[in-house]
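**Q** Return a 3D structure for these sequence lines:
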Amino acid sequence: MRAVFAMVLLVHGAIHLPGFLHGVGLREFPHLTGVRTAREGWLWLAVATCFAASALAWTLAWRSWPWLAFVAVLGSQLLIVRAWGDARYGTFVNVLILVPVLVALAEFRAGSLRSTFAREAELLARASHGADSMVTDADLARVPGPVQRFLRRAGVVGQPHVRNFRLTFDVSIRGAPDDPWTRGTAVQYESFDPPKRLFYMRATRAGVPFDGLHRYVGDSATMDIRLLGLYRVQFLEGADMTRSETVTLLNDICLLAPAALLRAPITWDVIDAQHVRATFTNAGHRVSAVLVLDEAGDLVDFISEDRSRAAGDQMLQRRFATPVRRRGVMAGTQVVVDGDATWTDDGREWIYGRFLLTSLAYNVAAVR
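**A** Model prediction:
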């Protein structure tokens, strides 16, 4: 889809080049009777260049792309009006381009989910950033033996304690076992004193864009999903939502910021050498999960009975797990870089989410 839209921008921009050549006298196009002067010719070139620049910005995912495309469409339409008899059919392409451009520009509104995420995450990052001590062997004495082994395998000793992190994902998600996958990208920010979580996702399904914001700050959590970034299609809040996001935050710490386990409000119960129960208390909720370790001490799964999945406007408590597909070293620590998220309904386990970690930074002072 990204390549197709970039091609539309480029081709539409290239169609403006004959107006330039005709206007400056480099080549005659008899059908372009509405282009009469060299000044007009240079305007046609400027519009073509603006379309090319917007195509490049779109391809590279620069936030400036909708502004460039909007200027290009506006300039193009003004030229088309001046040469209506020759170029009027270009209006249809401009309208086609304008729809996603306006949707993208809507994200710059102060009340959009993307702006809300950026604004709040920036404030939290500034509040939680600061120099910190390194994790030592003595710090590991606070947790039981299997967890110590896990943290050593993760390489946290000699790394700074984690106050916050920022990461990005490639995401595939679905609402039911037989639903088609919705694919998108996500950016997430968390801080740990006290625990807070912001998760923003931009995705497309059947060519229609939507975005979502999970917000867990203070003693409550919400989930807000909007079609085209404008029309709310789902909003969840309340005790079940907050409890579920408390489990999610514990999951994030285990998979993505293991050093933060050392200072988190967690109590431990060793089941055996490869199974440890973590009980996490925050926002008035007490949740637990079993960490499954392999013989070397690496985390291979996280299983909790305390999380609920959204089904329309309801929250249904189900077994939640995140089996690990692949680990890798990012930001100096071994973390889960490729994993699934599953629900178990009526004894049937199914994958509802697939997450590929694309960037990770700890103790960030700014989120953008």
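
**Q** Okay, strands next: where are they in the stretch 51-200 of the chain?
**A** 164-173, 182-192, 195-205 (DSSP state E, counting those that start in this stretch).

**Q** what about the nearest residue to residue 116 once chain neighbours are set aside, how many neighbours?
**A** Closest residue to residue 116 apart from its sequence neighbours, by Cβ to Cβ, 6 or more residues apart in numbering: residue 213 at 6.4 Å. Every residue, glycine included, has its C-beta placed from N, CA and C. By other Cβ atoms under 10 Å, the residues close to residue 213 number 19.

**Q** likewise residue 25?
**A** Residue 25 has 9 nearby residues by other Cβ under 10 Å.

**Q** need the contact list for it.
**A** Taking Cβ atoms under 8 Å, 6 or more residues apart in numbering as the contact definition, residue 25 lies against 38, 41.

**Q** Could you check the pLDDT of it?
**A** pLDDT for residue 25: 83.

**Q** can I assume it sits in a helix?
**A** No: secondary structure of residue 25 (DSSP: H, G, I helix; E, B strand; the rest coil): coil, not part of a helix.

**Q** Show me the longest strand that occurs in the protein.
**A** Of all segments of type strand in the chain, defined using DSSP state E, the longest is strand 348-362.

**Q** Mind listing what's buried along it?
**A** Residues of strand 348-362 classed as buried by neighbour count (16 or more other Cβ atoms under 10 Å): 351, 352, 353, 354, 355, 357, 360, 362.

**Q** again, but for stretch 21-32
**A** So for stretch 21-32, counting by 16+ other Cβ under 10 Å, buried means 21, 22, 23, 24, 32.

**Q** and if you look at stretch 219-230?
**A** 221, 222, 223, 224, 225, 226, 228, 229.

**Q** what's the most distant pair in these?
**A** 221 and 228 (24.2 Å; Cβ to Cβ).

**Q** May I see the buried residues of the longest helix seen in the chain?
**A** Ranked by residue count and defined by DSSP state H, the top helix of the chain is helix 38-59. Neighbour-count burial for helix 38-59 flags 40-41, 43-55, 57-59 (criterion: 16+ other Cβ under 10 Å).

**Q** hang on, the earlier thing: could you dump the buried residues of strand 348-362 to a markdown table with distance to residue 208 and pLDDT?
**A** A markdown table is the format used below for the buried residues of strand 348-362 (distance: Cβ to Cβ, whole Å; pLDDT from 0 to 100):
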| residue | distance to residue 208 | pLDDT |
| --- | --- | --- |
| 351 | 23 | 97 |
| 352 | 20 | 95 |
| 353 | 20 | 95 |
| 354 | 20 | 96 |
| 355 | 22 | 96 |
| 357 | 26 | 97 |
| 360 | 30 | 96 |
| 362 | 35 | 93 |
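
**Q** between these, which is nearest residue 167?
**A** For these, the nearest to residue 167 is residue 360 (4.5 Å; Cβ to Cβ).

**Q** Tell me which residues are up against the longest strand of the chain.
**A** Residues outside strand 348-362 that contact it (Cβ under 8 Å, 6+ apart): 160, 162-175, 177, 181, 256-257, 309, 319, 321, 328, 330-331, 333, 335-344.

**Q** With pLDDT and secondary structure as added columns, please give the buried residues of stretch 219-230 in JSON lines.
**A** Below are the buried residues of stretch 219-230 laid out as JSON lines (pLDDT from 0 to 100; DSSP: H, G, I helix; E, B strand; the rest coil):
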{"residue": "221", "pLDDT": "94", "secondary structure": "strand"}
{"residue": "222", "pLDDT": "93", "secondary structure": "strand"}
{"residue": "223", "pLDDT": "92", "secondary structure": "strand"}
{"residue": "224", "pLDDT": "92", "secondary structure": "strand"}
{"residue": "225", "pLDDT": "91", "secondary structure": "strand"}
{"residue": "226", "pLDDT": "89", "secondary structure": "strand"}
{"residue": "228", "pLDDT": "77", "secondary structure": "coil"}
{"residue": "229", "pLDDT": "76", "secondary structure": "coil"}
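
**Q** Cheers, nothing more for now.
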